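# Everything below, folded, please.
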Amino acid sequence: EVQLVESGGGLVQAGGSLRLSCAASGFAYDDYAIGWFRQAPGKEREGVSCISASDGSTNYADSVKGRFTISRDNAKNTIYLQMNSLKPEDTGVYYCNGVAIIGLTRYEYWGQGTQVTVSS
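Sure thing, here's the model as predicted:
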C-alpha cells in the first residue's frame, strides 16, 4: 500500500519553529521528487518547497525562503520540512506530495496532511 504520512504539525507562537516529517512507504521513494504544499482556510493549495530525486536540488516559495528548509533521508524514506521564524500566515494544512515519471507513466501520491497553526 502506498503511503505518505505527515507528522509534526501543531500550535506554535509566531517566531517559533516546527519540523514536519513525511514518511513514505509502498513505492520506489528514491525515484520521486517530493514536495510540501499547504492550504489555508478559504485559500487554494500552494506549493511551499520541493526536493528532487536525482540530485537533491531544492526550491522554495518566495514567502518561505530563508525560513524553511527541506531535506530528505533516503535511508529512512522520510522527508523533512524545518520551519523557523514562523508567521501567522504560515497557518494551514501541510501536505506531502510525491511525483515521478517512470517510463511513460506519471505517478503522484498525496499524504493526508498535518495542521500547522501559528498564533500571533
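# switch to C-alpha atoms for all contacts and neighbour counts from now on
Fine.
# list the contacts for the spatially most central residue of the chain?
When C-alpha atoms, centre = their mean is applied to the chain, the residue found nearest the centroid is residue 36 (2.5 Å). Residues in contact with residue 36, defined by C-alpha atoms under 8 Å, 6 or more residues apart in numbering, are 47, 48, 49, 50, 81, 94, 95, 96, 97.
# Figure out how far whichever helix or strand residue 100 is part of is from the centre of its chain.
Using DSSP states H and E, residue 100 sits within strand 92-102. Relative to its parent chain, strand 92-102 has a centroid offset of 7 Å by C-alpha atoms, centre = their mean, to the nearest Å.
# same question, stretch 86-106
For stretch 86-106, the separation from the chain centroid amounts to 5 Å (computed by C-alpha atoms, centre = their mean).
# all strands for the protein, in order.
Assigned by DSSP state E, the chain shows strands spanning 3-7, 10-13, 18-25, 33-39, 46-51, 58-60, 68-73, 78-83, 92-102, 105-110, 114-119.
# So for the fourth one, mean pLDDT?
Meaning strand 33-39. For strand 33-39, mean pLDDT rounds to 96.
# and that strand with strand 68-73, angle?
Following axes from the mean of the first three to the mean of the last three C-alpha atoms, to 10 degrees, one obtains 140 degrees for the angle between strand 33-39 and strand 68-73.
# same check, this time on the last one
Between the axes of strand 114-119 and strand 68-73, defined by the same axes, to 10 degrees, the angle is 150 degrees.
# Residue numbering should commence at 9 henceforth.
Got it, the first residue is 9 from now on, which makes the last one we talked about strand 122-127.
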